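Asks: The following comprises the amino acid sequence and a computationally predicted model.
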Amino acid sequence: MPEWIEVALRTLVSIIVLFIMTKILGKRQISQLSLFEYITGITIGSLTAYISLDIESTWFLGIVSLLVWVACSYGIELLTLKSKKMRDLIDGKGTVLIKDGKVMEENLKKERLTADELLEQLRSRNVFRVADVEFALMESSGQVNVLLTREHKSLTPSHLGIQVSPEQEPQTVIMDGKMIDEPLATLGLTREWIKVELDKIAVLLEEVFLGQVDAYGQLTVDVYNDQISVPVPQKKAALYAVLKKCEADLESFGVTAKSKKSKRMYEDCVHQLETVIAELKPILHR
């Protein structure tokens, strides 16, 4: 067998085996490497290259070594799932870098982290002053998580005592210029509804790169041609405007009404409408 064919076959087998092994180890092997997983990843890559190119050696011995490495890594992952002591030993523990607004210099030295690197990590979290940080922790993965002081935290609706409705996942109903039936069925919508909505904004289905429908039935689209400006859905804003206009009209009618009974009726309607607007405001202002 020619060497190039043998190398091609070995590479193909290595890719298949490596794919299977990676699926067994799971996504964490890619996204959140511990020290041992980092070493395992390098070793598996080296073994795969060995299996592919070293045609003078017996190829299945490389497969055996690869299987042993993967089995050990998989076994250690199971141990870390069941035992906190093993988890602390293998993955390590988090290190406090800033506590009560003070930098822990000894912990920085322990993690071999310079002041410049600490500032870089803080800037990656949109924090530019150490004094704004109440607590900072370096996780075992090397990521630094930051807790800002109370006065520097972002203002949220809960701080203002405003109720907002829960966020629901939007459904992608158009992708690459084609409708997707499953999310449409989830929302109880049809293809005809999509066509009507696209007609409203004068966009063809084939021009849409991505289209999503939120929990309130509003379709937003991104088109291939970035020069085209697509109108933003205004249903909620329009509804809020109509409700406020109705409220203003009722107040006007109440002022101009001649009889007390009519005035009282309009005032009652205004109060009822104010209650409705207050309940809908968290939804309409999202």
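Replies: Right, received. Where do you want to start? Quick caveat: nothing in here was measured; it's all calculated off a predicted structure.
Asks: doesn't Asn126 fall inside a helix?
Replies: No: looking at Asn126 with DSSP: H, G, I helix; E, B strand; the rest coil, it is coil, so not inside a helix.
Asks: how many other residues sit next to it?
Replies: By the criterion of other CB atoms under 10 Å, Asn126 has 9 neighbours. Any C-beta I mention is one placed from the backbone N, CA and C, and that applies to glycine too.
Asks: Against Asp132, how distant is it?
Replies: In this view, Asn126 and Asp132 are 10 Å apart by CB to CB, to the nearest Å.
Asks: Please apply the same query to Ile5.
Replies: In terms of CB to CB, Ile5 sits 63 Å off from Asp132.
Asks: higher neighbour count, those two?
Replies: Asp132 (15 against 9).
Asks: Pull the number of nearby residues for the closest residue to the more buried one other than its chain neighbours.
Replies: In space, and not counting its chain neighbours, Asp132 is closest to His152: 4.5 Å by CB to CB, 6 or more residues apart in numbering. Around His152 there are 12 other residues, counting by other CB under 10 Å.
Asks: again with Thr40
Replies: Residues near Thr40, counting by other CB under 10 Å: 22.
Asks: shouldn't it be in contact with Val68?
Replies: No: applying CB atoms under 8 Å as the test, Thr40 and Val68 come out as separate, 11.1 Å apart.
Asks: So what does Asn145 look like in phi/psi?
Replies: Main-chain torsions, Asn145, degrees, to the nearest 10: phi -110, psi 140.
Asks: which residue ranges form the strands in this structure?
Replies: 95-99, 102-103, 133-138, 144-148, 171-175, 178-179, 208-213, 219-223 (DSSP state E).
Asks: Thr256 is nearest to which of those strands?
Replies: strand 219-223 (41.5 Å; CB to CB).
Asks: could you dump the strands of the chain to TSV with distance to Gln121 and mean pLDDT?
Replies: Shown next, in TSV, are the strands of the chain (distance: least, CB to CB, whole Å; pLDDT from 0 to 100):
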stretch	distance to Gln121	mean pLDDT
strand 95-99	8	90
strand 102-103	12	90
strand 133-138	8	91
strand 144-148	4	90
strand 171-175	34	91
strand 178-179	43	92
strand 208-213	33	90
strand 219-223	33	88
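Asks: would you list these in JSON lines and tack on mean neighbour count and distance to Lys84?
Replies: Shown next, in JSON lines, are these (neighbours: other CB atoms under 10 Å; distance: least, CB to CB, whole Å):
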{"stretch": "strand 95-99", "mean neighbour count": "18", "distance to Lys84": "17"}
{"stretch": "strand 102-103", "mean neighbour count": "12", "distance to Lys84": "29"}
{"stretch": "strand 133-138", "mean neighbour count": "20", "distance to Lys84": "18"}
{"stretch": "strand 144-148", "mean neighbour count": "16", "distance to Lys84": "20"}
{"stretch": "strand 171-175", "mean neighbour count": "19", "distance to Lys84": "40"}
{"stretch": "strand 178-179", "mean neighbour count": "14", "distance to Lys84": "48"}
{"stretch": "strand 208-213", "mean neighbour count": "20", "distance to Lys84": "41"}
{"stretch": "strand 219-223", "mean neighbour count": "18", "distance to Lys84": "45"}
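Asks: what would these look like in TSV with distance to Asp116?
Replies: What follows is those, written out as TSV (distance: least, CB to CB, whole Å):
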stretch	distance to Asp116
strand 95-99	13
strand 102-103	13
strand 133-138	15
strand 144-148	14
strand 171-175	42
strand 178-179	49
strand 208-213	40
strand 219-223	39
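Asks: Run a quick neighbour tally on Arg264.
Replies: The tally of other residues near Arg264 (other CB under 10 Å) stands at 12.
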